[in-house]
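> following is a predicted model, sequence given first.
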Amino acid sequence: MQRTGFLACAAIALSTAASAQDSEPPPTQYVRAVDAIEQAYIEKCGPDAETIEVDDGEVRHVALIRNQSGPVVIAVCLEKSRVVYPLEVDTLSSALVFMAYKPFAPFWPYAEARWGDDLGKLRQRLAERARTASPAYSSYAVRPATAEAINRARRLLAIGYFDEAKAGLSARSGEILASRKRKDRDKFDLVMLALTRASVERFQNGYGAAADYLAEFARTVEVGSDYATNLTINRAAYLAEGGRTAQALELLKPAYDLYETGVSNNKKAYQIGGSEREFSWILACSYAREGQAALAARYAAIVNSAEERPHDEYLVTTKPSSAIRMRMTRCMDDPEGYFAVWHDSRPAVLSYAWLDFQNGARVINGVARPWAARPEAAELGSKYRQLPERYGPALNMWQAAAAAAR
């Protein structure tokens, strides 16, 4: 059974403790480690600690760690194992969900004092971190400089600094294209930079702009057949979500036919693990919007039956199938299917997915607004409030402010 809520994070702490026992450390070190874990639990979660009650599976209490700097931190108290797991709230989306989650109401004044009552202070802090940090880690097998550019762009994108994000990506792409020692592996870097840039275009200017950017990139930058299919899939997705379903089918169907026969998935060609899900949800959406229900159902079934995390040789982890199912059902205008995904795999307490139910969020960030008023949404999101109007700019990634700054 899939872990949800706080346990999705707490499981990491438990698995780490288990692996420590399996490695059979010296007895003295082991006892000291156990004592330290017990002391941390008593300090953060004991009877004298400042905790609040929650009802989330095995988790019954959480505490707020009041630090003077750094991100807001929640202590998740696992009573059965007497382990405390610190959970940082260090992104805009998690902060918005934190301020919507009703059980956290006692924590809201402290968080607003740190973040600002419209999350403006948090935005400034996150921007400074994005600009000064050098996050070279990536789940993709790209060069460190490319990983840094991508991670920085994603952090800037999340807080509405669209043009700055694009500038960094363009600079890194320019470095690769200008290099006299460019190697074949640089093609993958260029593709990942382009896909990240398209994501920025999507949030700044809409699905159509993202699709058109990828079309221009494919026309002007040669990346070879190994990676061209990934560009096609992403471009077709944006076309479908933007309502240009006939174009999406015209673009994607030939590529999928090749994929099915194995021509584009042979030993020389690389396809991200679970690629068939990506083909299928786009085809399902496009055929549904074109009124071809039988074909739509055929491809939707492929997504609905996929394992949650397919394996990939280059990625540390692949996209969860539940997230793809949500995207598919939103694109198909299928609220029943969408809410069925929620029942099958309920997102973690601070997952950005809960922002789908915020009436003040842009449609591009979530479901069509009428869905947020459906009984299913009220039932699933009963622990989340509608955020006050002052949070509107943050919910919309400060889109108006970003436009004014250009």
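Alright, I've got the coordinates. Residues are numbered from 1 along each chain as shown.
> mind jotting down where the helices sit in the stretch 151-300 of the chain?
Assigned by DSSP state H, counting those that start in this stretch, the stretch 151-300 of the chain shows helices spanning 162-178, 186-205, 207-220, 225-241, 245-261, 275-289, 293-304.
> how near is Leu258 to Ser275?
12 Å (Cβ to Cβ, to the nearest Å). No exception for glycine: its C-beta is placed from N, CA and C like everyone else's.
> overlap in contacts, the two.
Common contacts of Leu258 and Ser275, defined by Cβ atoms under 8 Å, 6 or more residues apart in numbering, comprise Thr229.
> which one's more surrounded, those two?
A count of neighbours by other Cβ atoms under 10 Å puts Ser275 above the other of Leu258 and Ser275, at 20 against 15.
> show me what contacts that one?
Shown in contact with Ser275 (Cβ under 8 Å, 6+ apart): Thr229, Asn230, Ile233, Tyr259, Asn265.
> show me which of these is closest to Ala100.
Distance to Ala100, by Cβ to Cβ, is smallest for Ile233 among those, at 32.9 Å.
> burial measure for Gly174, as a count.
For Gly174, using other Cβ under 10 Å, the count is 10.
> my bad, should have said Ala368
Counted with other Cβ under 10 Å, Ala368 comes out at 12.
> report the separation between it and Asn359.
If you measure Ala368 against Asn359 using Cβ to Cβ, the figure is 11 Å.
> can you list contacts of stretch 59-67?
5-7, 10, 44-45, 49-54, 72-79, 84, 86, 103, 106-107, 110.
> report the distance from it to the chain centre.
In terms of Cα atoms, centre = their mean, to the nearest Å, the centre of stretch 59-67 is found 24 Å from the chain centre.
> the spatially most central residue of the chain: what's it in contact with?
Taking Cα atoms, centre = their mean, the centroid of the chain lies closest to Tyr352, which sits 7.3 Å from it. Neighbour list for Tyr352: Ser93, Ser94, Leu96, Val97 [criterion: Cβ under 8 Å, 6+ apart].
> one more time with 6 Å
Residues near Tyr352 by Cβ atoms under 6 Å, 6 or more residues apart in numbering: Ser93.
> which ones are touching Gln204?
Phe162.
> I'd assumed Pro254 was in contact with Thr232.
No - if you go by Cβ atoms under 6 Å, Thr232 and Pro254 don't touch, sitting 8.9 Å apart.
> neighbour-wise, which of the two wins?
Taking other Cβ under 10 Å, Thr232 and Pro254 do not tie; Thr232 has more neighbours (22 against 11).
> now the more buried one. Nearest residue, chain neighbours left out?
Sequence neighbours aside, Ala255 is the residue nearest to Thr232 in space, at 4.8 Å (criterion: Cβ to Cβ, 6 or more residues apart in numbering).
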